[in-house]
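Student: Below are the sequence and a predicted model; questions follow.
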Amino acid sequence: MSSIKDFRMAETLLNNDNIEIKKSFFGLQRSACYKPTGSRLRAFYAEYTPEEGAKLERILSSPVAEWETQLGNKRPQTTPMGNMILEGCASEDGRFAVLHLLRYQDFHIVEVLKPMAFEEQEAAIVSRLF
(Lines give C-alpha, C1' and ligand atoms only; values in the text may rest on other atoms or scores of the structure.)
Protein backbone atom coordinates (compact mmCIF):
# COMPACT_ATOMS: atom_id res chain seq x y z
CA MET A 1 0.00 0.00 0.00
CA SER A 2 1.22 3.50 -0.83
CA SER A 3 1.84 6.16 1.78
CA ILE A 4 0.21 9.56 1.38
CA LYS A 5 3.31 11.38 2.63
CA ASP A 6 5.29 10.02 -0.35
CA PHE A 7 2.88 11.45 -2.92
CA ARG A 8 3.48 14.67 -4.83
CA MET A 9 0.02 15.83 -3.78
CA ALA A 10 0.76 15.28 -0.07
CA GLU A 11 1.18 18.95 0.82
CA THR A 12 -2.04 19.94 -0.93
CA LEU A 13 -3.94 17.08 0.69
CA LEU A 14 -2.61 17.66 4.19
CA ASN A 15 -3.38 21.40 3.96
CA ASN A 16 -7.06 20.57 3.36
CA ASP A 17 -9.10 21.65 6.41
CA ASN A 18 -11.14 18.42 6.27
CA ILE A 19 -8.07 16.19 6.67
CA GLU A 20 -6.63 15.36 10.08
CA ILE A 21 -3.48 13.39 10.89
CA LYS A 22 -3.93 11.04 13.82
CA LYS A 23 -1.01 9.51 15.69
CA SER A 24 -1.16 6.06 17.21
CA PHE A 25 1.10 3.41 18.75
CA PHE A 26 3.07 5.86 20.88
CA GLY A 27 3.27 8.39 18.04
CA LEU A 28 5.13 6.01 15.72
CA GLN A 29 2.25 5.45 13.29
CA ARG A 30 0.21 8.14 11.61
CA SER A 31 -2.97 7.94 9.63
CA ALA A 32 -4.93 10.53 7.70
CA CYS A 33 -8.64 10.84 8.42
CA TYR A 34 -11.52 12.71 6.82
CA LYS A 35 -12.69 14.94 9.72
CA PRO A 36 -16.46 15.16 9.05
CA THR A 37 -16.89 11.38 9.26
CA GLY A 38 -13.70 10.28 11.02
CA SER A 39 -13.09 7.81 8.19
CA ARG A 40 -9.51 6.78 7.47
CA LEU A 41 -7.95 7.62 4.08
CA ARG A 42 -6.51 4.84 1.92
CA ALA A 43 -3.86 5.79 -0.64
CA PHE A 44 -3.43 4.20 -4.06
CA TYR A 45 -0.93 4.55 -6.88
CA ALA A 46 -1.15 3.25 -10.43
CA GLU A 47 0.87 3.57 -13.62
CA TYR A 48 -0.53 3.52 -17.15
CA THR A 49 0.76 3.28 -20.72
CA PRO A 50 0.71 6.50 -22.79
CA GLU A 51 -2.47 5.38 -24.58
CA GLU A 52 -4.33 4.45 -21.38
CA GLY A 53 -2.99 7.61 -19.71
CA ALA A 54 -4.35 9.78 -22.53
CA LYS A 55 -7.79 8.16 -22.10
CA LEU A 56 -7.58 8.73 -18.36
CA GLU A 57 -6.60 12.38 -18.87
CA ARG A 58 -9.61 12.94 -21.15
CA ILE A 59 -11.94 11.34 -18.63
CA LEU A 60 -10.54 13.24 -15.64
CA SER A 61 -10.87 16.52 -17.58
CA SER A 62 -14.61 15.98 -18.05
CA PRO A 63 -17.35 16.43 -15.41
CA VAL A 64 -17.44 13.67 -12.77
CA ALA A 65 -21.05 12.78 -13.59
CA GLU A 66 -19.90 11.61 -17.05
CA TRP A 67 -17.03 9.41 -15.86
CA GLU A 68 -19.06 6.22 -15.42
CA THR A 69 -20.61 6.45 -18.88
CA GLN A 70 -17.25 7.24 -20.51
CA LEU A 71 -15.54 4.32 -18.80
CA GLY A 72 -18.40 1.86 -19.09
CA ASN A 73 -17.27 -1.60 -17.97
CA LYS A 74 -13.67 -1.01 -19.07
CA ARG A 75 -11.42 0.53 -16.47
CA PRO A 76 -8.04 1.89 -17.62
CA GLN A 77 -5.53 -0.96 -17.58
CA THR A 78 -2.59 -0.43 -15.26
CA THR A 79 0.92 -1.48 -16.14
CA PRO A 80 3.89 -2.26 -13.90
CA MET A 81 5.98 0.45 -15.56
CA GLY A 82 4.18 3.21 -17.43
CA ASN A 83 4.76 6.88 -18.10
CA MET A 84 1.45 8.12 -16.66
CA ILE A 85 0.91 8.04 -12.90
CA LEU A 86 -2.33 8.36 -10.98
CA GLU A 87 -1.95 9.14 -7.28
CA GLY A 88 -5.06 9.07 -5.22
CA CYS A 89 -6.66 8.50 -1.89
CA ALA A 90 -10.20 7.91 -0.76
CA SER A 91 -11.90 7.69 2.59
CA GLU A 92 -13.08 4.23 3.63
CA ASP A 93 -16.68 5.44 3.70
CA GLY A 94 -16.44 6.83 0.13
CA ARG A 95 -17.30 10.41 1.10
CA PHE A 96 -13.94 12.01 0.24
CA ALA A 97 -11.44 11.37 -2.56
CA VAL A 98 -8.46 13.08 -4.18
CA LEU A 99 -6.84 12.29 -7.55
CA HIS A 100 -3.62 13.63 -9.09
CA LEU A 101 -2.44 12.76 -12.61
CA LEU A 102 1.28 12.97 -13.45
CA ARG A 103 3.54 12.02 -16.37
CA TYR A 104 7.17 11.01 -16.72
CA GLN A 105 8.71 13.39 -19.24
CA ASP A 106 12.40 14.01 -19.97
CA PHE A 107 13.48 12.10 -16.85
CA HIS A 108 11.22 14.23 -14.61
CA ILE A 109 7.73 13.87 -13.25
CA VAL A 110 5.45 16.56 -14.64
CA GLU A 111 1.98 17.43 -13.39
CA VAL A 112 -0.71 16.74 -15.99
CA LEU A 113 -3.73 17.69 -13.85
CA LYS A 114 -3.67 19.47 -10.50
CA PRO A 115 -4.89 17.50 -7.46
CA MET A 116 -8.67 17.27 -7.56
CA ALA A 117 -10.64 16.84 -4.34
CA PHE A 118 -14.14 15.36 -4.33
CA GLU A 119 -16.72 15.15 -1.56
CA GLU A 120 -20.06 13.42 -1.04
CA GLN A 121 -21.71 12.21 -4.30
CA GLU A 122 -18.71 12.92 -6.53
CA ALA A 123 -16.40 11.14 -4.08
CA ALA A 124 -18.68 8.09 -4.16
CA ILE A 125 -18.31 7.92 -7.95
CA VAL A 126 -14.53 8.34 -7.75
CA SER A 127 -14.27 5.68 -5.05
CA ARG A 128 -16.19 3.17 -7.18
CA LEU A 129 -14.08 3.81 -10.27
CA PHE A 130 -10.64 3.79 -8.72
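Tutor: Structure's in. What do you need?
Student: and the residue nearest to Asn83 when sequence neighbours are not counted, bridged to which residues?
Tutor: Ranked by C-beta to C-beta, 6 or more residues apart in numbering and with sequence neighbours excluded, the top spatial neighbour of Asn83 is Tyr104, at 4.4 Å. Placement of C-beta: from N, CA and C, glycine included. Taking DSSP bridges as the rule, Tyr104 bridges to Ile109.
Student: correct me, but Tyr104 touches Ile85?
Tutor: Yes: between Tyr104 and Ile85 there is a contact under C-beta atoms under 8 Å: 7.4 Å.
Student: Compare these two and say which is more crowded by neighbours.
Tutor: Ile85 (19 against 16; other C-beta atoms under 10 Å).
Student: Let me see the contact set for that one.
Tutor: By C-beta atoms under 8 Å, 6 or more residues apart in numbering, Ile85 lies in contact with Tyr45, Ala46, Glu47, Tyr48, Leu101, Leu102, Arg103, Tyr104, Ile109.
Student: can I get those in a markdown table with distance to Ala123 and pLDDT?
Tutor: Shown next, in a markdown table, are the contacts of Ile85 (distance: C-beta to C-beta, whole Å; pLDDT from 0 to 100):
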| residue | distance to Ala123 | pLDDT |
| --- | --- | --- |
| Tyr45 | 18 | 90 |
| Ala46 | 18 | 92 |
| Glu47 | 23 | 94 |
| Tyr48 | 22 | 95 |
| Leu101 | 17 | 94 |
| Leu102 | 21 | 93 |
| Arg103 | 24 | 93 |
| Tyr104 | 28 | 91 |
| Ile109 | 25 | 90 |
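Student: Got a quick PyMOL command for the buried subset of the residues you listed?
Tutor: In PyMOL syntax, the buried subset of these is picked out as below (16 or more other C-beta atoms under 10 Å):
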select buried, resi 46+47+48+101+102+103+104
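Student: ok, of the contacts of Ile85, which one's closest to Glu66?
Tutor: For these, the residue nearest Glu66 by C-beta to C-beta is Leu101; the value is 16.7 Å.
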